[in-house]
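In: Need a 3D model of the following:
(2 chains)
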Number of protein chains: 2
Amino acid sequence: MPRRSAAEARETRARILRRAVELAALDGLEGVTIGRLADDLSMSKAGVYGHFGSKEALQLATFALAIEQFQELVTSKADGTTAGVERLRRLCDAWVDYLAAGGIAEGGCFLTAAATEFDNRPGPVRDAVAQAGERWLSYLGHLAAAAVEAGELPSDTDPAQIAFELNGIAMSANQAIQLQRDTSAPRRARRAMHRTVGGS
Amino acid sequence: MPRRSAAEARETRARILRRAVELAALDGLEGVTIGRLADDLSMSKAGVYGHFGSKEALQLATFALAIEQFQELVTSKADGTTAGVERLRRLCDAWVDYLAAGGIAEGGCFLTAAATEFDNRPGPVRDAVAQAGERWLSYLGHLAAAAVEAGELPSDTDPAQIAFELNGIAMSANQAIQLQRDTSAPRRARRAMHRTVGGS
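Out: Below you'll find the model as predicted:
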C-alpha cells in the first residue's frame, strides 16, 4: 500500500481541525478530544492522534485555527481602509456582524468561551488564549491611536480605554445573543461602539 | 441511632452547597458532581445525593446560592441609597469591587462563566442562567429609569441601553482581571461605568 502523500496528510489534518473548531464552538475546547473527533470523522483514534500527538496539541491547533477564522471573518474586513475612525468603525461593524451570526459556528464568541473555560487552568492553552486576547486589545488600541494621530479623535484619548470598552460591548452583545436570544443586541452594540469610537 | 434533626440536615445541605459554589467558581457548574463533593467533604455519595436527588438539582441549587451571594456582595451595597444616579454609581462601584476581588471565590464572574458554559445546552440550568441574566439587566434598567424620572438623566435616555453597556464593561473587566491579570481593569471599568451612568 502506498504511503499517503504529504499533501493528503495536510488535508486530513486540516479536515480534523475544521471539525474540532465546530465542536469547540458548541461545547468548549475541553469537549474536543481525540476519541470524539475519531468517532465523528469515522477515523481511528490512532489516525487522529498521529496528526497531533496529545490532547493539548490538538486544543492549541484548534484554538489557532479559530483565531485564523476570526481574522478572516472580522479583521480582514477592515483591511484596505485608511487608518482612523473609519477603519475602527468598519472593524466594529464586522465584529458585530460576526457576533450576530453566532460566531464561527453558532456557538458564540470563541475567545470569550475559551477564556472563561481556561482562565483558572494554568498551562499552554491558557497562555495561548491570554495572548490572543492581549493581541486583540492591542490591535484595537493601535487603531484608536492611529485615529488620534490622524487628528480624528481628541489628543487626550486613551486608546487602551477604547479597546477595553469595545471589548466589553462585544461581550455584552455575545451574551445577549447567545443566552437571551435578544435580537436587539446587534443594534445596541453598534450604537455603543460607534459612540465609543467617536469622531462623528 | 437517633435520626439527624431537620436543622442538622439543613446545615449539611448548606455546607455542601457552599463548597459546590467554590468548586463551580473555579471549574464551572459541570465540574460540580455528587462524587466530587462527596470526596471533597468526606461524605458518602449517597449522603450527598440524598440532599439533592440529581446532578441537575445540585447544579440549580448551586447556581441559586451563587446568585444569593452576589446579591449580598453587590446588590445589597446600594440598598438604602435614594433611587437615582447616586444609587447606580454605588451599585457599579460594588460590582467592580466584587470583580476586582475575583468574584465569589476568585474564579471570576459566576454568571458569565455559567452563561458561556450553558448557552448551547438547553435545559433547566440554561433557563435559570438566562433568567438570572435577564433579571440583572432589568434591575439595572430599572435603576436607570428611576434616575431619568428623578430628572438626573436626560428624558430621551434608553435605560435598557445603559444596562447593556454596564454589563459589557463588567464583562470586559472580568476578562481582563481573570485572563490578563490586568491590575488597571478595575480603574478602567469604574471610569467607563461612571461615564455611562452619567449625571455628572
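In: Correct me if wrong: residue A:165 contacts residue A:196.
Out: Yes: with contacts counted by Cβ atoms under 8 Å, residue A:165 reaches residue A:196, the gap being 5.0 Å. All C-beta spots, glycine's among them, are computed from the backbone N, C-alpha and C.
In: Who has more neighbours out of the two?
Out: Of the pair residue A:165 and residue A:196, residue A:165 is the one with more neighbours under other Cβ atoms under 10 Å in any protein chain shown, namely 27 against 20.
In: Surely that one forms part of a strand?
Out: No: read with DSSP: H, G, I helix; E, B strand; the rest coil, residue A:165 is helix and lies in no strand.
In: What is the helix or strand hosting residue A:10 packed up against?
Out: Taking DSSP states H and E as the definition, residue A:10 sits inside helix A:6-27. Packing partners of helix A:6-27 (3 or more Cβ pairs under 8 Å, 6 or more residues apart in numbering or on different chains; DSSP states H and E): helix A:34-40, helix A:45-52, helix A:55-73, helix A:110-118.
In: would JSON lines of those helices with distance to residue B:98 be doable?
Out: What follows is the helices and strands packed on helix A:6-27, written out as JSON lines (distance: least, Cβ to Cβ, whole Å):
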{"stretch": "helix A:34-40", "distance to residue B:98": "36"}
{"stretch": "helix A:45-52", "distance to residue B:98": "40"}
{"stretch": "helix A:55-73", "distance to residue B:98": "29"}
{"stretch": "helix A:110-118", "distance to residue B:98": "16"}
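In: which one of those is the most hemmed in?
Out: By mean neighbour count, with neighbours taken as mean count of other Cβ atoms under 10 Å in any protein chain shown, helix A:110-118 ranks first of those at a mean of 25.
In: Packing partners of the helix or strand that that helix is followed by?
Out: Moving toward the C-terminus from helix A:110-118, the next helix or strand (DSSP H and E) is helix A:124-149. The contact analysis (3+ Cβ pairs under 8 Å, 6+ apart) places helix A:124-149 against helix A:55-73, helix A:85-100, helix A:110-118, helix A:159-178.
In: Check which helices and strands the shortest one is in contact with.
Out: Under the contact definition 3+ Cβ pairs under 8 Å, 6+ apart, helix A:110-118 sits against helix A:6-27, helix A:55-73, helix A:124-149, helix B:110-118, helix B:159-178.
In: Return the residues in contact with the closest residue to residue A:109 other than its chain neighbours.
Out: Closest residue to residue A:109 apart from its sequence neighbours, by Cβ to Cβ, 6 or more residues apart in numbering or on different chains: residue A:174 at 4.4 Å. By Cβ atoms under 8 Å, 6 or more residues apart in numbering or on different chains, the residues touching residue A:174 are A:99, A:103, A:108-109, A:112.
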